[in-house]
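*Asks:* Generate coordinates for the sequence data below:
(one chain, ligands or ions: 1)
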Amino acid sequence: MGRNKKQNPFAARKRQKRENGPERPDRRALPYEEIKRDNAFFIKYYHLQKICASEEEWTQFLDSIRDNLPTTFRVTGFKDEAKALLAIIESQLFTEYVRAVAELHQKAPEDVERPLCLPWYPNGLAYQLHLTRKDIRRSEPLYRLHNFLIVETTAGGISRQEAVSMIPPIVLDVRPTDKVLDMCAAPGSKTAQLIEALHAAPEEHKIPPGFVLANDVDNNRCYMLVHQAKRLNSPCLLVTNHDSSAFPNLLISQPDGSQGILKFDKILCDVPCSGDGTLRKNPDIWLKWNLAQAYNLHGIQYRIVRRGAEMLEVGGRLVYSTCSLNPIENEAVLQRILKEADGALELVDAGHLVPGLKYKPGMTDWKLATKEVDQIFTSFDEVPESLHTIIRPGMFPLPAAEMASIGLEKCIRVLPHLQDSGGFFVAVLEKRRQLAFEKNDVAALVEQNEMAKQPVSPPTEPELDGRGQPVGEKAVPWGPQRKKRRLHGYKEDPYVFFGENDADYAAIKEFYQLDESLSQRCLLTRCITEKKKNIYYCSERIRDLVVNNEHNIKIINTGVKTFVRCENRHTVHPFRLAQEGLQTSNAFMGANRRIQVEREDLVMMLNCTDPTQPPSTHELKKETQERCKELGVGSCILKYVDERFTLYTVGWRGTSSLRAYVHKDETIHILRLLGADLSKFETNKYEEARVAAAAAAQAATESGKDVVVDAEAGPESESSGEGAAPTTPMDTEEEATKS
Ligand SMILES: C[S@@+](CC[C@H](N)C(=O)[O-])C[C@H]1O[C@@H](n2cnc3c(N)ncnc32)[C@H](O)[C@@H]1O
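*Replies:* Numbers count the residues shown, from 1 in each chain. You can find the predicted model right below:
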């Protein structure tokens, strides 16, 4: 994917805001332990709604929602090495976990509870630790666990995600052939799951025929989304920046060459919400929770799901989800769209897709109230006129007969106490026929796109005729002028696809013996230049979407970096392979740029972190040395096979050397899979801080100054943040060619 190095004005504004400090006193960030986990309105409102079956359960609910949230993560399922990584986690990592938790809580190891495998997550790939995020980040005994989570997250081996947030993508049930839309996608944890589902059958598809279009209205958050999704290196992802409630119809090319309107097979509407289901993770919500948020959000939530329903293919599936417990944001939105759809949409029961998940059915009765919950309303007639613009008739439950026909009880309500998680709401809808309000005017859309393609020319002086009238505007010069739609926000670099006879492609194809099924039309660069630097690859369908719609929707990112220019006096070919794009390029490459290596070879190569001292071919195993003789100088694929998995990494064959060419986190990930010693890469930030503090104190003593050094401040004040790992010097083109 393209990385934009330009100054992003939106990010700058956000940074400025951050620097200016909090806007309102109630927003001041209190340390979580100091936040009083109470809000009288919240408690009164939900007690009134009877979200729990008994007073006893209500007490459990309150106890749970006031407690900190356990940490959960899931292993990236589509990778060949997923099972092996899971086995390492279940043995080595959890042994270390038990040791560390025992040390932290001063318990006997046998008294430490083992991490919990989430029963409803497919293939046992998700785990819950009995530790909070803060425990992990701030406890020295847990530094190895913390390092593991950071490295494996960056390398794409795992994803840290709240347990309940994993539910919507599972019940959306994405297949590799599906056209998927994620309407409110940032920061992208669910998008990552959707991408994984798309790539779940690599043996059937070199590149999945389906795609994921991930959209968010917030420009800054779109970049978080790109960062999150980038770890999975999918050529089937398109990130856009638009208001989903007014998402434009998109054009696609049809087999007969004409253009049609894109309808999606699967749509995720994970809408903006008041977020009271996340109170355990975000205790500051206790300070600001009020009912007005739900009333304000109901409208946009409804408009987003309505637009989603329009864009859904007949027979397709739409998942509506929120991390709110409020029926105003959940059941009330659904009953409204179901009523308007008049049978074209149907709620379906998706419980079988999450077996073992404990949840409650959707509510069929609820009450509305004033912001202070001092007046309760059971129907719109009871609402004072002054509140008519806030509380709308459609927010009340439908009459019993209508309510019974839409089946709201098929919705999934997860409450925190049911399985020690966050709170969440999920509903699955299927489309039975077209909606009466759906607009599918292809001709108008084609015309609009054509207009949008026209360059915006500066206003010119009109040419006047003999009577002083503008020439060519005789018809209706006063009539409505069609305006070219402008796409607001940060200007992205263009998407420049390769032409049919690209000279660079011809050279790449020959050097790497690419097979014919890799379409050169799908290669692109992010600038118009004679000399291409980074070459990206996206799937055919993504290309088609970009080409047909780039003037009508703001595209933030697509494509996986696959080839990178790399020239010096040793190069025999100007482009090297990029590790990011290997998942794709590997499937199309011939035998001449591949070499099989043994475990010891790969371990040695990965341990060689000094780019000026690449491993000599003489240090390789005898059989690898033999294979090396067949491999010419330049970029290549290193293949390693064992009974558990096959690994591919980018390598570089020098005149007398062979080296791996991977980022640091991926290096650690692979070494871990190979069972190699990782101690060289294991950093203890607490120990480093102590050493730094001691050195500073020593320096101060020597210079005669009195300096107070806080040894504990080091790790906590690190600026890189979670997930930020130093990049390896190997990530530069120059070093690749030094061998
Ligand atoms: C609950 S968050 C989505 C979380 C995300 N699905 C995930 O799993 O990481 C809601 C998102 O909706 C976005 N949003 C709010 N209004 C929107 C709109 N009108 N159109 C598109 N996105 C919107 C917000 O910027 C926010 O990123």
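*Asks:* List, one by one, the residues from this structure near the ligand.
*Replies:* Residues of the chain that fall close to the ligand, judged by Cβ under 6 Å from any ligand atom: 165, 183-190, 216-218, 221, 243-245, 270, 272, 300, 304. Yep, even glycine has a C-beta here, placed from its N, CA and C like the rest.
*Asks:* Which ones among these lie within helices?
*Replies:* The helices, defined by DSSP state H, take in 189, 190, 221, 300, 304 from these.
*Asks:* got the contact list for the nearest residue to residue 617 once chain neighbours are set aside?
*Replies:* Spatial nearest neighbour of residue 617, excluding adjacent residues (Cβ to Cβ, 6 or more residues apart in numbering): residue 628 at 4.9 Å. By Cβ atoms under 8 Å, 6 or more residues apart in numbering, the residues touching residue 628 are 595, 617, 620, 653, 658.
*Asks:* Need the ones in helices among the residues of the chain next to the ligand in a markdown table (columns: distance to residue 120 and pLDDT).
*Replies:* Formatted as a markdown table, these follow (distance: Cβ to Cβ, whole Å; pLDDT from 0 to 100):
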| residue | distance to residue 120 | pLDDT |
| --- | --- | --- |
| 189 | 17 | 96 |
| 190 | 16 | 98 |
| 221 | 28 | 97 |
| 300 | 30 | 98 |
| 304 | 26 | 98 |
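*Asks:* Quickly check those for the two that are furthest apart.
*Replies:* Using Cβ to Cβ, these span at most 21.1 Å, a distance reached by 189 and 300.
*Asks:* Please type out the ChimeraX selection for whichever of the residues of the chain next to the ligand turn out to be buried.
*Replies:* Paste this into ChimeraX to select the buried members of those, with burial taken from 16 or more other Cβ atoms under 10 Å:
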select :165,183,184,185,186,187,188,189,190,216,217,218,221,244,245,270,272,300,304
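*Asks:* Among the residues of the chain next to the ligand, which ones are in strands?
*Replies:* If you go by DSSP state E, those have residue 270 in strands.
*Asks:* quick one: the residue of the stretch 351-500 of the chain found nearest the ligand and residue 264, what's the gap?
*Replies:* Closest to the ligand within the stretch 351-500 of the chain is residue 424: 10.6 Å, counting by Cβ to the nearest ligand atom. Remark: distance between residue 424 and residue 264 (Cβ to Cβ, to the nearest Å) = 23 Å.
*Asks:* Check residue 502 too.
*Replies:* Distance of residue 502 to residue 264, computed by Cβ to Cβ: 32 Å.
*Asks:* Tell me which of the two has more neighbours.
*Replies:* Comparing residue 502 with residue 264 by other Cβ atoms under 10 Å, the one with more neighbours is residue 264, at 24 against 17.
*Asks:* ok, longest strand in the chain?
*Replies:* Ranked by residue count, the top strand of the chain under DSSP E comes out as strand 312-322.
*Asks:* Okay, buried residues for that strand please.
*Replies:* The neighbour-count check on strand 312-322 (16+ other Cβ under 10 Å) flags 312, 316, 317, 318, 319, 320, 321, 322 as buried.
*Asks:* and it, C-alpha only, in CSV?
*Replies:* What follows is strand 312-322, C-alpha atoms only, in CSV (Å, rounded to 0.1, in the frame of the first residue of the first chain):
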residue,chain,number,x,y,z
LEU,A,312,-27.2,-4.9,-0.7
GLU,A,313,-27.7,-7.6,-3.3
VAL,A,314,-31.0,-9.4,-3.2
GLY,A,315,-30.1,-12.6,-1.3
GLY,A,316,-27.3,-10.7,0.5
ARG,A,317,-26.6,-10.4,4.2
LEU,A,318,-26.2,-7.2,6.3
VAL,A,319,-25.0,-7.1,9.9
TYR,A,320,-26.0,-4.1,12.0
SER,A,321,-23.9,-3.8,15.2
THR,A,322,-23.2,-1.3,18.0
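*Asks:* Each with direction, which strands does it pair with?
*Replies:* strand 264-270 (parallel), strand 424-431 (antiparallel) (DSSP bridges).
*Asks:* any chance of these in CSV, plus mean pLDDT?
*Replies:* Output for the strands paired with strand 312-322, formatted as CSV (pLDDT from 0 to 100):
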stretch, mean pLDDT
strand 264-270, 98
strand 424-431, 98
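*Asks:* Ok, which of those strands comes nearest residue 111?
*Replies:* Nearest of those to residue 111, taken as Cβ to Cβ: strand 424-431 at 31.4 Å.
*Asks:* and the closest residue to residue 102 other than its chain neighbours, what is it in contact with?
*Replies:* Of all residues not flanking residue 102 in the chain, residue 109 sits nearest, at 4.4 Å (Cβ to Cβ, 6+ apart). Residue 109 makes contacts with 98, 99, 102, as judged by Cβ under 8 Å, 6+ apart.
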